[in-house]
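> Sequence first, predicted model second:
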Amino acid sequence: MHNLALALHKKGRQVTGSDDEIFEPSRSRLAAAGLLPEHEGWDASRITHDIDAVILGMHARAGNPELVAAQRLNLPIYSFPEYLFEQTKQKQRVVIGGSHGKTTITSMIMHVLNGLGSTFDYLVGAQIEGFETMVGLSDNSETAVFEGDEYPSSALDSRPKFHLYRPHIGVISGIAWDHANVFPTPDLYARQFSLFVESFEKGGQLIFFGEDSAVSEIAASARDDLGKTSYETHPYEVRDGQFRLLTQSRSIPLQIFGKHNMQNISAAKAVCLQLGISADDFYACISSFKGAARRLQTIGKGRNTCVFLDFAHSPSKVSATTAAVKELFPQRVLVACLELHTFSSLSPDFIRQYRSSLDLADKPIVFFDPETLRQKRLPPLSRTQIQEAFANQRLLVFSDRDELLQHFLSLSWENANLLLMSSGSFSGVDVKSLARQLVK
């Protein structure tokens, strides 16, 4: 939401906002733009007839006094995805969906378009090099590239965000049950991707990962008016500690790694080809792509030690990220630490989905904070439950941040890598400071 506020401010619109809590980096970025509210909390007097539109964030519950005032005044009220669609309904919309890889695929497409000097609107779920904000809107663009996630559109609208963008070009990168707190069964979750395809504009183009049977099944039953393009893992090699793309005529060095990223590259390339970009131009640009923030981000590097930070939190992401680091550094000991932080990952009913997801790590670790369980009003988890769910005899489980840090500091990091995976913050750990200590 704060990125949307910044994007509209940059576009020359008058923007005001309110929230019950404002955290960093949102607070500093809003303050720098002169958009930080004078007071936290809600105040119905802020809502007047002068307002052109009200955009709801996820904290705006049905009884919110500002929302009630907007409804009383009959002001146009939009959820976040509804407003983005409203701003781009005359443009060609590209929407990237899938259980994994959507942030990276979206970032890759944006990187290529930016490298070729294109003007476009965008929404992406991470900070990426070359872009000040994670949302961009302009009056003179003809294309919009949106990362489309499955979470509800607002507290008043349970429809997944990616159902509202109505793409002309859409991607499904894979389907692996996630967000169990919103979609309690795998079938209900998978159904959302069928509905996503149904939302495509007439004559739209579906680009899908052909190595995923669930995705292929959805593609096979898609509307007859839709074009369909299947993509697979891009051919690659690992040479001299670097992933390289293989084409018919050359080997292209990359700054990212992992088999899952070779799949992401294929998806991004398929989209770019649909947008009229040549394969040669795509490869020329993608070779300089460094990845999105917290997507296998290198936060520490020594002579024979690396520390990586990754947003991975679902079972499929944990497996893919762990495999990526092990494939690039097969001779190094891999210490892989996953924080259970999301509703799904902390659910006793869902946690069994993590079985074998850390098996490629030489020293697998799981961390969880009991306070997070209390805040999310979830039942307690025991170390035994976690060890049984992961089915890994080598797994260590920590529920105390300081004990976890002491364990890291007690290990030898000679010829070893650390992979930190979480959608949270490891209970406030300064991971960059930790990385400096480990690699020095």
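Done, it's in. Numbering: from 1, shown residues only.
> how far away is the closest residue in space to residue 257 that isn't next to it in sequence from residue 324?
Counting by CB to CB, 6 or more residues apart in numbering, residue 257 lies nearest to residue 243, which is 4.2 Å off, once chain neighbours are set aside. Using the backbone N, CA and C atoms, a C-beta is placed for each residue, glycine as well. The spacing between residue 243 and residue 324, counted by CB to CB, to the nearest Å, is 9 Å.
> Need the overlap of contacts for those two.
Common contacts of residue 243 and residue 324 (CB atoms under 8 Å, 6 or more residues apart in numbering): 257-258, 261.
> ok, the closest residue to residue 156 other than its chain neighbours - how many residues close by?
With CB to CB, 6+ apart as the criterion, residue 156 has its nearest non-adjacent residue at 6.2 Å, and that residue is residue 62. By the measure other CB atoms under 10 Å, the count of residues near residue 62 is 9.
> which phi and psi does residue 62 have?
Taking degrees, to the nearest 10, you get phi -60, psi -40 for the backbone angles of residue 62.
> quick one: residue 340 and residue 351 touch, right?
Yes: Residue 340 is within contact range of residue 351, at 7.4 Å (criterion: CB atoms under 8 Å).
> of the two, who's got more company?
In terms of neighbours (other CB under 10 Å), residue 340 is the more surrounded of residue 340 and residue 351; the figures are 25 against 22.
> how much space is there between the nearest residue to the more buried one once chain neighbours are set aside and residue 318?
If the residues on either side of it in the chain are set aside, residue 340 comes closest to residue 368, at 4.2 Å by CB to CB, 6+ apart. The span separating residue 368 from residue 318 equals 14 Å under the rule CB to CB.
> got it, and residue 410?
Residue 410 sits 24 Å away from residue 318, going by CB to CB.
> likewise residue 210?
Residue 210 sits 23 Å away from residue 318, going by CB to CB.
> same deal with residue 359?
If you measure residue 359 against residue 318 using CB to CB, the figure is 10 Å.
> With residue 19 instead?
Counting by CB to CB, the gap from residue 19 to residue 318 is 32 Å.
> out of these two, which sits in the more crowded spot?
Between residue 19 and residue 318, counted using other CB under 10 Å, residue 318 has the larger neighbour count: 25 against 19.
> How about that one, nearest residue that isn't a chain neighbour?
Nearest in space to residue 318, with sequence neighbours left out and distances taken as CB to CB, 6+ apart, is residue 357 at 4.4 Å.
> neighbours of the nearest residue to residue 121 once chain neighbours are set aside, just the number please.
Computed as CB to CB, 6+ apart, the closest residue to residue 121 that is not its neighbour in sequence is residue 144, at 3.9 Å. Residue 144 is surrounded by 26 other residues when neighbours are defined as other CB under 10 Å.
> before we move on, what about residue 86?
13.
> Now render the shared contacts of residue 243 and residue 324 as CSV, adding secondary structure, pLDDT and neighbour count.
Supplementary listing: the shared contacts of residue 243 and residue 324 in CSV, determined by DSSP: H, G, I helix; E, B strand; the rest coil; pLDDT from 0 to 100; neighbours: other CB atoms under 10 Å:
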residue, secondary structure, pLDDT, neighbour count
257, coil, 96, 22
258, coil, 96, 25
261, helix, 97, 27
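> Tell me, what's the model's pLDDT at the spatially closest residue to residue 291 that is not a sequence neighbour?
By the measure of CB to CB, 6+ apart, the closest residue to residue 291 outside its immediate chain neighbours is residue 256, 5.0 Å from it. The predicted local confidence for residue 256 comes out at a pLDDT of 97.
> Surely residue 256 is in contact with residue 288?
No: contact criterion CB under 8 Å: residue 256 and residue 288 do not qualify, at 10.4 Å.
> Neighbour count: these two, which is higher?
Using other CB under 10 Å as the criterion, residue 256 and residue 288 rank with residue 256 on top: 20 against 14.
> Thanks again, I'm all set now.
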